[in-house]
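Chemist: next comes the sequence, and after it the predicted model I'd like to discuss.
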Amino acid sequence: MDSFIAAFLAYRFELFFSAVKQTKRLCISVMALHQEGPLRERARTMWKMIEETPPRFSVYDMWEMNAGMFVTVFSLVTGLIVTLIQFELL
C-alpha cells in the first residue's frame, strides 16, 4: 500500500511539473508573437513568476519544501522500489 501511495504521488507531481513546463512554453511563444502590448507584459510576468519563484509545498504552515526537491526524493524512492521489486522477482 505504501508503494502505491508513493507511485501515485510521484505521478501527480510529474503531471504538475509538466503543466508548469507547458505554461512556460506558452508564455515564451506568446512573447515571441507579440513584441509589445499588454498580452506580452502578462506573459512576461507569468514567465518571471515561474522562473524566479519555484513552486513550494507547505504542510499546515509548519514547514515548507521546494517542489523540485520533493519530486527528486520521490523519484529516488520509486526508482529504489522498482529495483527492489525486480530483484525480488528474479
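Modeler: Sure thing, it's come through. Residues are numbered from 1 along each chain as shown.

Chemist: need the helices for this protein, in chain order.
Modeler: Remark: helices assigned in the chain by DSSP state H are 2-33, 38-52, 67-89.

Chemist: what residue lies at the spatial centre of this structure?
Modeler: Of all residues in the chain, the one closest to the mean position by C-alpha atoms, centre = their mean is Phe17, 2.6 Å from it.

Chemist: residues contacting that one?
Modeler: Contacts for Phe17 (C-beta atoms under 8 Å, 6 or more residues apart in numbering) come out as 67, 71. Where you see a C-beta, it was placed from the backbone N, CA and C, and this is true even at glycine.

Chemist: what about 10 Å?
Modeler: Neighbouring residues of Phe17 by C-beta atoms under 10 Å, 6 or more residues apart in numbering: 55, 67-68, 71.

Chemist: what distance do you get for it to Tyr60?
Modeler: Counting by C-beta to C-beta, to the nearest Å, the gap from Phe17 to Tyr60 is 23 Å.

Chemist: what of Ala32?
Modeler: 41 Å.

Chemist: higher neighbour count, these two?
Modeler: Neighbour tally, Ala32 and Tyr60, criterion other C-beta atoms under 10 Å: the higher count belongs to Ala32, 10 against 5.

Chemist: other residues contacting the lowest-mean-pLDDT helix or strand in the chain?
Modeler: Using mean pLDDT, DSSP states H and E, strand 56-59 stands out as the lowest-scoring helix or strand of the chain, at a mean of 71. The contact list for strand 56-59 (C-beta under 10 Å, 6+ apart) reads 13, 16, 63-70.
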